[in-house]
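Q: sequence first, predicted coordinates after that:
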2 protein chains.
Amino acid sequence: MKIAPPKYTRDFYPEEMRRREWIEGAWHAASRSAGFLPWDGPILETLELYKRKSGEEIVEQLFNIASKGSQELAVRPEMTPSLARMIVTKQSSLPRPIKWYTIGRMCRYERGQRGRLREFWQWNVDVLGVEGTVADAEVISVAIDGLENLGLTDADVGVHLNSRRMLSALLIGAGIEEALHGAIYAVADKRSKLPTEEIDKLFAKIGLPESGLAKVKDLFRLTSLDELQSLAREWADEASLVEVDQLRDLFDLLAHLGKEKYCRFDIGIVRGLAYYTGPVFEILDVKGELRAIGGGGRYDRLMETMGGQAMPACGFGMGDVTLGELLTERNLSPASEGLLDDFIIPVRAELIPDMLKLVARRRKEGRRVDYFPKPGNRDKLLKRAIDTGARHAILIGGPEWDSGRQVLIRDLQTRTETIVPFDGSMD
Amino acid sequence: MKIAPPKYTRDFYPEEMRRREWIEGAWHAASRSAGFLPWDGPILETLELYKRKSGEEIVEQLFNIASKGSQELAVRPEMTPSLARMIVTKQSSLPRPIKWYTIGRMCRYERGQRGRLREFWQWNVDVLGVEGTVADAEVISVAIDGLENLGLTDADVGVHLNSRRMLSALLIGAGIEEALHGAIYAVADKRSKLPTEEIDKLFAKIGLPESGLAKVKDLFRLTSLDELQSLAREWADEASLVEVDQLRDLFDLLAHLGKEKYCRFDIGIVRGLAYYTGPVFEILDVKGELRAIGGGGRYDRLMETMGGQAMPACGFGMGDVTLGELLTERNLSPASEGLLDDFIIPVRAELIPDMLKLVARRRKEGRRVDYFPKPGNRDKLLKRAIDTGARHAILIGGPEWDSGRQVLIRDLQTRTETIVPFDGSMD
C-alpha cells in the first residue's frame, strides 16, 4: 500500500525544484548585491521563544513537538524570533549596522487554502543597530530587487507604505487613548476588503468618543500624505506633523534608490503584529487579487522583549507561495538551462570500462557528464541525450572505434558531428 | 531574560553560514557534474512512512509532532523514506535511470555527543531503476568527488566496501541458516572496535553449529577479496564465488572511474539497516578516529516495501557533522572571497540622497554594493570598508566633491586612489 504525503505540503520533483531554486536564486542575488550576509537558525526552537514574541495564542498555529527531553520545542513558523535570540546572544560584539538575510523553510499549522500551505519558504532581510529611515528604505529596495530579478515590474507589484508611529500620533491628536488603537487598527486592516460604509459601521462599534469617531472616519478615508498633512495642520497636532514628515522622508529615500514607481502611501496598512513601531509596508499585487506577497516594518522594541539591549531594527519577510501564484499568472518561469555538457552513449557492453574512463576524465576537466549505464539502441539513446538537455552526445563503439579508437561527438544544438581520437584531448 | 537555543542544535551566524555554504556547494557541484537532478520532500512526513521502512523502534528517535490534524507527523530523520514515497507515486512515468540528489536538514532525537547533533544536514545521492554494478560505482564516485571538492584526498578518507549479498551467500555456504545472519552482522559491525579474541567470543555466544562457528571466525578475519575467493573455493560454494566476482567487478569499475586509491575491501562493513541487498560501503577517515562520514549501498527491495513495483536502487547519505570535524582537523576551510565590490562612505549628511543614487546605479550594473548609512569619521569608515572585504571604498563629500561633484575611489587591494566625476560612468 502506498503512503500519503503530509497534507498541504509539497513534493519537489526536479521540475518543481528548478522553480524553487530560481526563486531562491533571485532572493540570494538581491540580498548579496546589497551586502547582506546569510544566517540561519535551527528548524526547531523552544515554545518559550515564540510565546515571548507573540503570546500564548501562537501555540495553536505551531507544529509543536510531542514531549521529548526537557525543552518544549516547535517547528519554526517564522524567522524573526530566532533572529532576535541570536542577535541578543552576541549583541555587544556584532559590528553595526547588522545587515543579515536568510532563506528558509518553516511550517504553520493552518487550514490549507489558496496561498496558505503548512510548509513554505520565506526570505527575510533585516537591518539592525542603526537609527534612521535609510535602513527602512534599504530593506524595501532589496525586496523590490528580489522581485525584479524574477522578471516582475511595477505593473505587477506595489509596495504599500504607512507608519504605525504616525498613525498612533494622529489618533492621539484626535483625542483617542492608546488602549483603543488596537481595535481601530483591526478595522483599518479590513479597509481594502469592505466598502467605506461598512468600515464606518465597524468604527462606530468600537466605543470611541463622538468627536474622535468623526476624526477617525476622516483619517482612514485619506489617500495621500498631502491630505494627511492638511488634516494634522487642521488639528494643530505637532507630533503628527513630525511623523508625516518622517514618512515623507522615507518616500524621498526610496525615490533616490530608484524605487518610487513601486511605492504608494496606504493608510490601510497597519500589519497585525503588535511589535511594529514605525514604518510598516506590504507588497501587494497590482490587481489586488492575491494575499500579500511580503511585508515588514520597523520593530525597535523586540530586542528588549527578547532579553537584550534596546536596538533599532527593521526588516521584511516574503514567502514563496503567493509569489509563486503571481509568477504563474504572469507566465514567468526559470530560463531553461543546459544541465549537462556531455551525454555519453556506449554502443557495446565491453566498452563500459573505456566509457567510464572518458566520463571521469571529462568530469575532472570541469564538465558536467552523464551517460547511459548499458549499451542500447543508438537512436533511442540519442533521443535520451536530447531529453537530458545535454549539449553533446558522445558515441563510443561505432565503426569509428574499430577503425582506430575514435569516438563520435554530436553537437545537439548545431547537429554537426565530429570524430576524434579517444586518447587525445577532445576539445 | 534571554532565551536558550534548543539543545544540540547550531546557530549559523554569517561566519558559520559561509562554512555551511562551502560544504553544500561542494556537494551540489559533485552531484551536478555527474548529471544528478535535485529533489526535496517536506520536512514533516507521516509516522507511518518511517515505521514502514524502519519498524516501530524508529519512533523513539523521532521528533514527532504533538497531535495536530488527522495525520501523525514527525520531523524527517533521513531522506530515503521520502525518496521512496515520491518515486513510488510517479514510478511509471519517470525516465530511467533516475539519478537524483538532495541536500537538506533533518532532525533526530539523540543523546548529544561528538559527531551527533539533533539537527544536521545530509547529502543524499541515489540511482534508481537500472540493474548492474555501474550504478553502485557511480554513486561512490560522486561521493568521492564531493569530498575532493572540499580539498580532501585519499590520505584523509577511504571508502570501505563489502557486499551484503556476498556475505549472505558465504554464510549459507558455511551452512548457517538465514535467521542467524542478523546476529552475525551485529558482531561483525564491532570488528574495527574490538580485538579479534573479543569478536570470537561474541561469535561463540550466538549459538552457531560448531562447524559453522569455525568458518564464521575464519571468514571475518579475512582482509582481501583474494583470500575470500580462496575460502569460497575451499568450501566449493558456487553462489559465493559468483558474489565475490560481482564485488570484484565493482572495484574494477571504480578503478576505471579513477577512484581505486580510495577504495578497499572491508569485511566488517555490514551496515545496520536491514534493507540493504547488495554492495554496502562506508566512508571513513583514514586515521580511524571519527564516526563514518557517509555510507550507503544497494536497496533493491525498498520500493516494494513502500507499496510500489520492484525497482533496483542504490545510494548514499553523507552528513555535515563528522565531515565538519574532519575538515577542521585538516585545517580545510572556504577560500576567503570578496563579498562586496564597493563600500560607499558619505562624509556629509546632506549627500545621503546622492549616495543612494550611486548605490542604486552601481547595483543595477550588477555590482555588490554596501554603504554606511550615516556620515562619520573618514578613517574609521575606511577601516570598516576594509573589514567588509570590499574591493573599493568610495568617498562622497570630500574636497573633490566641492570642486565639481567628484568622488574618490580607493582600491583597497592596490591602495591606489582615483577621482572620477559622480555623474559619468565610473569604470
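A: Sure, I can see it. Numbers count the residues shown, from 1 in each chain, chains lettered A, B, ... in the order given.

Q: quick check: which ranges of the stretch 201-350 of chain A have low pLDDT?
A: A:273 (pLDDT under 70).

Q: show me which residues of it are close to chain B?
A: With CB under 8 Å from any CB of the partner chain as the criterion, the stretch 201-350 of chain A meets chain B at residues A:252, A:253, A:256, A:257, A:258, A:259, A:306, A:307, A:308, A:339, A:340, A:343. C-betas here are computed from N, CA, C, even on glycine.

Q: the fifth one reaches residue B:360, doesn't it?
A: Right, the one you point to is residue A:258. Yes: with contact defined as CB atoms under 8 Å, residue A:258 reaches residue B:360; the gap is 4.4 Å.

Q: any idea whether residue A:376 is helix, strand or coil?
A: coil (DSSP: H, G, I helix; E, B strand; the rest coil).

Q: my bad, should have said residue A:155
A: Secondary structure of residue A:155, per three-state DSSP, is coil.

Q: count the residues that sit near the closest residue to it other than its chain neighbours.
A: Distances taken as CB to CB, 6 or more residues apart in numbering or on different chains place residue A:286 nearest to residue A:155, at 6.3 Å, with adjacent residues excluded. For residue A:286, the neighbour count with other CB atoms under 10 Å in any protein chain shown is 14.

Q: wait, residue A:286 touches residue A:153, no?
A: No: here residue A:286 does not reach residue A:153: they are 9.4 Å apart, not a contact under CB under 8 Å.

Q: quick one: the helices in the stretch 1-150 of chain A, in order.
A: Counting by DSSP state H, counting those that start in this stretch, the stretch 1-150 of chain A has helices at residues A:14-33, A:47-54, A:80-89, A:133-148.

Q: how close does residue A:369 get to residue A:421?
A: 18 Å (CB to CB, to the nearest Å).

Q: so which residue of the stretch 101-250 of chain A comes closest to chain B?
A: Nearest residue of the stretch 101-250 of chain A to chain B, counting by CB to the nearest CB: residue A:134, 4.2 Å away.

Q: wait, that residue touches residue B:359, no?
A: No: with contact defined as CB under 8 Å, residue A:134 does not count as touching residue B:359 (10.1 Å).

Q: still on that earlier bit, buried ones among the residues of the stretch 201-350 of chain A next to chain B?
A: A:253, A:256, A:257, A:258, A:259, A:306, A:308, A:339, A:340, A:343 (16 or more other CB atoms under 10 Å in any protein chain shown).

Q: how is the last one assigned, secondary-structure-wise?
A: Going back to what we said before, that points to residue A:343. Assigned state for residue A:343: strand (three-state reduction, three-state DSSP).

Q: report the contact partners of it.
A: Listed by CB atoms under 8 Å, 6 or more residues apart in numbering or on different chains, the contact set of residue A:343 reads A:369, A:370, A:371, A:372, A:384, A:385, A:388, A:390, A:392, A:393, A:394, B:35.

Q: next up, phi/psi of the third one, please.
A: Note on residue A:371: backbone dihedrals following degrees, to the nearest 10 are phi -160, psi 160.

Q: list the contacts for the closest residue in space to residue A:362 that isn't next to it in sequence?
A: Leaving aside its sequence neighbours, residue A:362 sits nearest to residue A:369 (CB to CB, 6+ apart; 4.8 Å). Residues in contact with residue A:369 (CB under 8 Å, 6+ apart) are A:340, A:341, A:342, A:343, A:344, A:359, A:362, A:363, B:33, B:34, B:35.

Q: just checking, the fifth one touches residue A:397?
A: No: contact between residue A:344 and residue A:397 fails when scored by CB under 8 Å: they sit 10.5 Å apart.

Q: surely residue A:41 is in contact with residue A:76?
A: Yes: taking contacts as CB under 8 Å, residue A:41 lies within contact range of residue A:76: 7.2 Å.

Q: common neighbours of those two, please.
A: residue A:82.

Q: ramachandran angles for residue A:159?
A: Torsion angles, degrees, to the nearest 10, at residue A:159: phi -100, psi 110.

Q: what bridges to it?
A: residue A:263, residue A:283 (DSSP bridges).

Q: run a quick neighbour tally on it.
A: For residue A:159, using other CB under 10 Å, the count is 25.

Q: give me the pLDDT value at it.
A: We have a pLDDT of 98 for residue A:159.

Q: now residue A:194
A: 88.

Q: now do the contacts for it.
A: residue A:202.

Q: same check on the one 3 residues further on?
A: Residues counted as contacts of residue A:197 (CB under 8 Å, 6+ apart): none.

Q: which SS state does it fall under?
A: Following three-state DSSP, we place residue A:197 in the helix state.

Q: let me know whether residue A:13 touches residue B:93 as I believe.
A: No: using CB under 8 Å, residue A:13 makes no contact with residue B:93, being 10.2 Å away.

Q: neighbour count: those two, which is higher?
A: Per other CB under 10 Å, whichever of residue A:13 and residue B:93 has more neighbours is residue A:13, with 19 against 6.

Q: not including adjacent chain positions, what is the nearest residue to that one?
A: residue B:39 (5.9 Å).

Q: distance of that neighbour from residue B:106?
A: 15 Å.

Q: out of those two, which sits in the busier spot?
A: Between residue B:39 and residue B:106, counted using other CB under 10 Å, residue B:39 has the larger neighbour count: 24 against 21.

Q: separation between that one and residue A:27?
A: To residue A:27, residue B:39 is 20 Å away according to CB to CB.

Q: do residue A:64 as well
A: Using CB to CB, residue A:64 is found at 28 Å from residue A:27.

Q: the two: which is more packed in?
A: residue A:27 (27 against 20).

Q: can you count the residues close to the residue nearest to the more buried one when sequence neighbours are not counted?
A: Nearest residue to residue A:27, sequence neighbours excluded (CB to CB, 6+ apart): residue A:123, at 4.3 Å. By the criterion of other CB under 10 Å, residue A:123 has 26 neighbours.

Q: for the one 3 residues further on, same thing?
A: The tally of other residues near residue A:126 (other CB under 10 Å) stands at 26.

Q: which residues touch it?
A: A:80, A:83, A:98, A:99, A:100, A:101, A:139, A:313, A:314, A:315.

Q: any idea which helix or strand carries the last one?
A: Right, the one you point to is residue A:315. Using DSSP states H and E, residue A:315 maps to strand A:313-319.

Q: and the helices in the stretch 201-350 of chain A?
A: With DSSP H, counting those that start in this stretch as the criterion, the stretch 201-350 of chain A has helices spanning A:210-219, A:225-234, A:238-256, A:302-305, A:321-329.

Q: can I get the longest one in PDB, CA atoms only?
A: The C-alpha atoms that make up helix A:238-256 are tabulated as PDB, following Å, rounded to 0.1, in the frame of the first residue of the first chain:
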ATOM      1  CA  GLU A 238       2.700  69.000  16.100                       C
ATOM      2  CA  ALA A 239       3.700  65.300  16.900                       C
ATOM      3  CA  SER A 240       1.600  64.100  13.900                       C
ATOM      4  CA  LEU A 241       3.200  66.700  11.600                       C
ATOM      5  CA  VAL A 242       6.700  65.400  12.600                       C
ATOM      6  CA  GLU A 243       5.600  61.800  11.800                       C
ATOM      7  CA  VAL A 244       4.100  62.700   8.500                       C
ATOM      8  CA  ASP A 245       7.400  64.400   7.600                       C
ATOM      9  CA  GLN A 246       9.300  61.200   8.600                       C
ATOM     10  CA  LEU A 247       7.200  59.100   6.400                       C
ATOM     11  CA  ARG A 248       7.600  61.600   3.500                       C
ATOM     12  CA  ASP A 249      11.400  61.300   4.100                       C
ATOM     13  CA  LEU A 250      11.200  57.500   3.500                       C
ATOM     14  CA  PHE A 251       9.400  58.100   0.200                       C
ATOM     15  CA  ASP A 252      12.200  60.500  -0.800                       C
ATOM     16  CA  LEU A 253      14.900  58.000   0.000                       C
ATOM     17  CA  LEU A 254      13.100  55.300  -2.000                       C
ATOM     18  CA  ALA A 255      13.000  57.700  -4.900                       C
ATOM     19  CA  HIS A 256      16.800  58.200  -4.600                       C
END
